[in-house]
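Undergrad: Need a 3D model of the sequence below.
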Amino acid sequence: MPNIVLIGFSHCGKSTFGKALAKKLQRPFIDTDKLLLEGTSFSKARNLYQKLGEDKFRNLETEKIKLLAEQDGLVIATGGGTVLKFENHSLLQKNGQLIYLATPAKILWQRIKKHGIPAYLSANTNPYQAFLQVYAERESIYQALANDIVATQQKTYSQILTELIALARAI
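TA: This is a model prediction of the structure:
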């Protein structure tokens, strides 16, 4: 049974829907951001990212993705930037059905501001413009990698979850 791998930008709902989907399908749920924190004193992936720097953080992320690619039957919520490292593409696809939770930039920006602008954006003089640039870069990668795309705009939680369940059962 292939893994269900949720991809998308930070705050699109990967962890929220991943947990709910795993519960409905009676599968184990793995949040790669939480997996990265195991054995550290950090409580948030963004803090680990700041401590390690992007290269070391992405290398650690790839190590964890390699382990997950060897398993099956999981529901996996990836970090928003997991797709930035090309090596992760084949690892995620190896034993997984990739579903992109497509959420408009405007909605994501509101959620990001609410939860605190991450360092990779706040270091810029115009964090919103930096966000839009990152969003555009990642959007094309998410779309290219995804086996399926679930648009989240103007849908209720139940509608999105129902769509994810249907996709997962069709695999």
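Undergrad: in its sheet, what does the top strand by length along the chain sit against?
TA: Determined from DSSP state E, the single longest strand within the chain is strand 96-102. Applying DSSP bridges, strand 96-102 is found paired with strand 3-7 (parallel), strand 148-151 (parallel).
Undergrad: Would you reformat those as CSV and include mean neighbour count?
TA: C-beta: built from backbone N, CA, C; applies to glycine. Formatted as CSV, the strands paired with strand 96-102 follow (neighbours: other CB atoms under 10 Å):
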stretch, mean neighbour count
strand 3-7, 27
strand 148-151, 17
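Undergrad: Rebuild those strands as JSON lines, extending it with mean pLDDT and distance to residue 46.
TA: Below are these laid out as JSON lines (pLDDT from 0 to 100; distance: least, CB to CB, whole Å):
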{"stretch": "strand 3-7", "mean pLDDT": "97", "distance to residue 46": "18"}
{"stretch": "strand 148-151", "mean pLDDT": "98", "distance to residue 46": "25"}
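Undergrad: gap between residue 82 and residue 161?
TA: 22 Å (CB to CB, to the nearest Å).
Undergrad: centre of the chain versus stretch 7-27, how much separation?
TA: 9 Å (CA atoms, centre = their mean, to the nearest Å).
Undergrad: can you list contacts of the helix or strand that comes right after the longest strand of the chain?
TA: For strand 96-102, the succeeding helix or strand toward the C-terminus, using DSSP states H and E, is helix 105-115. Helix 105-115 has contacts (CB atoms under 8 Å, 6 or more residues apart in numbering) with 9-12, 118, 121, 128, 131-132, 135, 152-153.
Undergrad: one more time with 7 Å, if that's ok
TA: Helix 105-115 has contacts (CB atoms under 7 Å, 6 or more residues apart in numbering) with 9-12, 128, 131-132, 135, 153.
Undergrad: by contact count, what packs against the helix or strand that it is followed by?
TA: Using DSSP H and E, the helix or strand that follows helix 105-115 towards the C-terminus is helix 119-122. Applying 3 or more CB pairs under 7 Å, 6 or more residues apart in numbering; DSSP states H and E, one finds that helix 119-122 contacts helix 127-145.
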